[in-house]
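Peer 1: Pasted the sequence and its predicted model underneath.
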Amino acid sequence: MEILVCVRRVPDTSENEIQLNSEQNDIERDDLVYSVNEWDNYAVEEALQIVGRLGGHVTVVTVGGEDDEEILRRQMAMGANHGVLLSDAAFEGSDGLGIARILAAFVKKGSYDLVLTGVQAEDGGAAVGGMLAAMLDYPFASLVNAVEVLDGARALRVSREIEGGNREISEIDLPCVLSIQTGINEPRYVGMRGIRQVASIPIPTHGAADLGLAAGAVGAAGAKVTREDYFVPPAGKGAEMLQGKRDEVVDKLVELLAAKGGLK
Amino acid sequence: MAPIFAYIEHRGGVPDDTAAELAAAARTIDATSAPTAILTGAGADLGAVAESLRASYDEVWTIGGDALAHPNAELVRAALVGALPRGSVVLVAHNHFGMDMAPGLAVRMQAAMVSDILGIEAVDGTSMRAVRQEFGGQVSAHVRCDLSAGAVVTVRPGAFKPAGGAPVNGRVVDKSSAIGAIAARRRYIETVVAEAGDVDITKHSVLVSVGRGIQDQENVALAEALAEALGAAVSCSRPVVDAKWLEKSRQVGTSGQTVKPKVYLACGISGAFQHLAGLKGSPFIVAVNKNPKAPIFQYADVGIVDDVLEFIPALTEKVRARS
């Protein structure tokens, strides 16, 4: 099975406190630690497990710049066979629709049985996978938390996460696009050594012309949704913050819990 | 301004809570709009839902058919593409169904796709300024959306307050004939109901809930010790289940359990909206988190900036000493 996984490099929210910059119009980008978007990492692991069972190849692709090569290499160190960078000045300022167009153009150049994305990105809207599927006219399922390849490899049985911890089970024809939910598997660990081993593998880059994309369809020119600024909304009532030495804080909290019926 | 539609989910003949919220969002986009509810389904339920939506929508379009008995996003999308006029603004709840259905609808309608909005600050002609949250709610963003070719807008559940006021007594219109034959390449098989766990967190009045800040499976024992001292149960947020440190039945949130405790101790939980949406009944919320900017502090009654791995044992000791 030939599987393409669309990945993104994002500021890692488990490593950073995301704060506003001094102009109060963007997030503070100095000293941010970046990593592969958490959902995408599960998607790559799922692709590797499918190929491990059935054979085939996993390609990881991202839309971005030189800095984004590091996450492609990280996913290649996990076991992805190929990494591809889609990069062009014309792509800058793309909204989700533009990103989906760029990815769709790349998918059409190849021959993939299955395309995976993460459910969402840390700074995204959980929409690229669904838009990509519609552009390719492939069936789509979101929030996928289990995948089974059916006999003959012409369809999948997938489980979607729905409300209340319940699961919606469907069969979906290949080729298709799935957006993968966290928790579907346990992504394998990647050590520095693994990353060094793939450090010199060339990563092909495709631009707008290679993909046959008109400049106006992508990038800022094609964007219908534009982020104007970041802000922190005025706080509501907020919590009453208990301050002081830990001992004093614990004492205050125990009193509060007693008053609110939190003690036995 | 383009006509505004709201796609309404329903269950057992009753519209989802988001039905009235989407009506409020439609009237925020255009105060003079006469928003239309559009719903799909089969059988008598459809009529019952339509009847109850007349109160908040000027028009209610129903699309009925046996194939639409289960809300398969692929079939619903095809039905909507058949029925909706091009250039419409279509509102959909940003939930498990909306995330599945809406993005493809935007592409099929050649419209803008605007995801997961919490507010609308201004609409100037066909340009809408909306509010989103990013990075797990740590920061918000203003987004400018071009509605000139229509838009599919997903709206965060709970973000818009249903408007009060007199019922509008809308008209119900059957649009079932507007759709042609739809063949599904994704076929619904069944719904698997979540397995009950060893502990039913919905039955407890005090919950000690742990999040990513607990850092390791071994540390879950710290929360268990506190829960025992308090006569409480241990619950958790999604990352703890993803890491397999606790079973799914312990998860509070839209994808897990909805709980109504009296007291909720959120330990190392950042406070993503999917988590908070599982907390009902206005519990007394205590948040302990080492990040003073964690969104949970906006929702908690009492906040403590500390490392949960050190704070929980200190609290456990004090609680034990009291009893």
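Peer 2: On my side now, so go ahead.
Peer 1: Helices of the stretch 101-250 of chain B, residue ranges please.
Peer 2: For the stretch 101-250 of chain B, the helices defined by DSSP state H, counting those that start in this stretch cover B:220-230, B:238-242.
Peer 1: most tightly surrounded among those helices?
Peer 2: Most buried of the helices of the stretch 101-250 of chain B, by mean neighbour count (mean count of other CB atoms under 10 Å in any protein chain shown): helix B:238-242, with a mean of 23. C-beta here means a position set from N, CA and C on the backbone, and glycine is covered the same way.
Peer 1: contacts for that one?
Peer 2: With contacts defined as CB atoms under 8 Å, 6 or more residues apart in numbering or on different chains, helix B:238-242 is touched by A:182-183, B:210-212, B:214, B:220, B:246-248, B:250-251, B:253, B:255-256, B:272, B:274-275.
Peer 1: Are any of the residues you listed buried, and if so which?
Peer 2: The neighbour count (16 or more other CB atoms under 10 Å in any protein chain shown) marks A:182-183, B:210-212, B:214, B:220, B:246, B:248, B:250-251, B:253, B:255-256, B:272, B:274-275 as buried among the contacts of helix B:238-242.
Peer 1: Give me the subset of those lying in strands.
Peer 2: Among these, the ones falling in strands (DSSP state E) are residue B:210.
Peer 1: what helix or strand is residue A:44 on?
Peer 2: helix A:38-54 (DSSP states H and E).
Peer 1: Pull out the buried residues from that helix.
Peer 2: A:38-51.
Peer 1: okay, now residue 163: neighbour count?
Peer 2: Picking chain A for this. 16 (other CB atoms under 10 Å in any protein chain shown).
Peer 1: I was after chain B.
Peer 2: That count, for residue B:163 with other CB under 10 Å as the rule, works out to 12.
Peer 1: Could you measure from it over to residue A:183?
Peer 2: When distance is defined by CB to CB, to the nearest Å, residue B:163 is 38 Å away from residue A:183.
Peer 1: likewise residue B:4?
Peer 2: Counting by CB to CB, the gap from residue B:4 to residue A:183 is 36 Å.
Peer 1: for residue B:294, same thing?
Peer 2: Residue B:294 is 21 Å from residue A:183, by CB to CB.
Peer 1: List the neighbouring strands of the helix or strand following the helix holding residue A:44 plus their orientation.
Peer 2: Using DSSP H and E, the helix or strand that follows helix A:38-54 towards the C-terminus is strand A:57-63. Paired neighbours of strand A:57-63 in the sheet (DSSP bridges): strand A:2-6 (parallel), strand A:82-86 (parallel).
Peer 1: Mind listing what's buried along the very next helix or strand once past strand A:57-63?
Peer 2: Next in sequence after strand A:57-63, counting helices and strands by DSSP H and E, comes helix A:69-78. Residues of helix A:69-78 classed as buried: A:69, A:71, A:72, A:73, A:74, A:75, A:76, A:77, A:78 (neighbour count, 16+ other CB under 10 Å).
Peer 1: so the fourth one sits right up against residue A:83, yeah?
Peer 2: Yes. Judged on CB atoms under 8 Å, residue A:73 makes contact with residue A:83 at a distance of 6.6 Å.
Peer 1: which neighbours do those two share?
Peer 2: A:201, A:203.
Peer 1: quick one, what contacts residue B:310?
Peer 2: Contacts of residue B:310 (CB under 8 Å, 6+ apart): residue A:246.
Peer 1: Secondary structure element holding it?
Peer 2: helix B:308-322.
Peer 1: Residue B:60 too?
Peer 2: Residue-wise, residue B:60 maps onto strand B:59-64 under DSSP H and E.
Peer 1: Each with direction, which strands does that strand pair with?
Peer 2: Strand B:59-64 has these strand partners (DSSP bridges): strand B:36-41 (parallel), strand B:171-174 (parallel).
Peer 1: Mean neighbour count, these: which tops it?
Peer 2: Highest mean neighbour count among the strands paired with strand B:59-64 (mean count of other CB under 10 Å): strand B:36-41, a mean of 26.
Peer 1: what's that strand in contact with?
Peer 2: B:3-10, B:15, B:19, B:22-23, B:46, B:49-50, B:53, B:56-65, B:68-69, B:71, B:75-76, B:79-80, B:83-84, B:170, B:175.
Peer 1: same deal with stretch B:189-203?
Peer 2: A:157, A:159, A:162, A:164-171, B:207, B:233-235, B:247-250, B:252, B:257-260.
Peer 1: switch to 6 Å and redo it
Peer 2: Applying CB atoms under 6 Å, 6 or more residues apart in numbering or on different chains, the contact partners of stretch B:189-203 are A:165-170, B:233, B:235, B:247, B:249-250, B:257, B:259.
Peer 1: Now the buried members of those.
Peer 2: The buried subset of those - by 16+ other CB under 10 Å - is A:165, A:167, A:168, A:169, A:170, B:233, B:235, B:249, B:250, B:257, B:259.
Peer 1: Need the max-distance pair from these.
Peer 2: By the measure CB to CB, A:170 and B:233 form the most distant pair in the buried ones among the contacts of stretch B:189-203, at 33.6 Å.
Peer 1: and the angle from the helix holding residue A:44 to helix A:69-78?
Peer 2: With axes from the mean of the first three to the mean of the last three CA atoms, to 10 degrees defining the directions, helix A:38-54 sits at 30 degrees from helix A:69-78.
Peer 1: check whether helix A:38-54 contacts chain B.
Peer 2: No. Using CB under 6 Å from any CB of the partner chain, helix A:38-54 stays clear of chain B, coming no nearer than 8.3 Å.
Peer 1: helices or strands next to that helix in the packing?
Peer 2: Contacts defined by 3 or more CB pairs under 6 Å, 6 or more residues apart in numbering or on different chains; DSSP states H and E place helix A:38-54 against strand A:2-6, strand A:57-63, strand A:114-118, strand A:176-180.
Peer 1: where along the stretch 101-250 of chain B do the strands fall?
Peer 2: B:112-117, B:119-124, B:127-134, B:139-146, B:151-155, B:171-174, B:186-192, B:206-210, B:233-236 (DSSP state E, counting those that start in this stretch).
Peer 1: got JSON lines for those strands, with mean pLDDT and distance to residue A:178 too?
Peer 2: Listed next are the strands of the stretch 101-250 of chain B as JSON lines, based on pLDDT from 0 to 100; distance: least, CB to CB, whole Å:
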{"stretch": "strand B:112-117", "mean pLDDT": "96", "distance to residue A:178": "18"}
{"stretch": "strand B:119-124", "mean pLDDT": "93", "distance to residue A:178": "31"}
{"stretch": "strand B:127-134", "mean pLDDT": "95", "distance to residue A:178": "24"}
{"stretch": "strand B:139-146", "mean pLDDT": "95", "distance to residue A:178": "26"}
{"stretch": "strand B:151-155", "mean pLDDT": "98", "distance to residue A:178": "19"}
{"stretch": "strand B:171-174", "mean pLDDT": "96", "distance to residue A:178": "35"}
{"stretch": "strand B:186-192", "mean pLDDT": "96", "distance to residue A:178": "10"}
{"stretch": "strand B:206-210", "mean pLDDT": "98", "distance to residue A:178": "30"}
{"stretch": "strand B:233-236", "mean pLDDT": "98", "distance to residue A:178": "26"}
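Peer 1: Residue A:26: which of those is closest?
Peer 2: strand B:139-146 (9.4 Å).
Peer 1: What strands line up against that closest one, and which way round?
Peer 2: strand A:225-231 (antiparallel), strand B:127-134 (antiparallel).
Peer 1: what does that strand rub up against?
Peer 2: A:18, A:27, A:224-231, A:233, B:112, B:114, B:128-134.
Peer 1: and it, how far from the chain's centre?
Peer 2: 19 Å (CA atoms, centre = their mean, to the nearest Å).
Peer 1: Alpha carbons of it, as PDB, please.
Peer 2: Taking Å, rounded to 0.1, in the frame of the first residue of the first chain, the C-alpha atoms of strand B:139-146 are listed here in PDB:
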ATOM      1  CA  VAL B 139      -4.200  32.700  22.700                       C
ATOM      2  CA  SER B 140      -7.000  33.900  20.600                       C
ATOM      3  CA  ALA B 141      -6.800  35.300  17.000                       C
ATOM      4  CA  HIS B 142      -8.900  37.600  14.900                       C
ATOM      5  CA  VAL B 143      -9.500  36.200  11.400                       C
ATOM      6  CA  ARG B 144     -10.800  38.200   8.500                       C
ATOM      7  CA  CYS B 145     -13.100  36.100   6.300                       C
ATOM      8  CA  ASP B 146     -14.200  36.800   2.700                       C
END
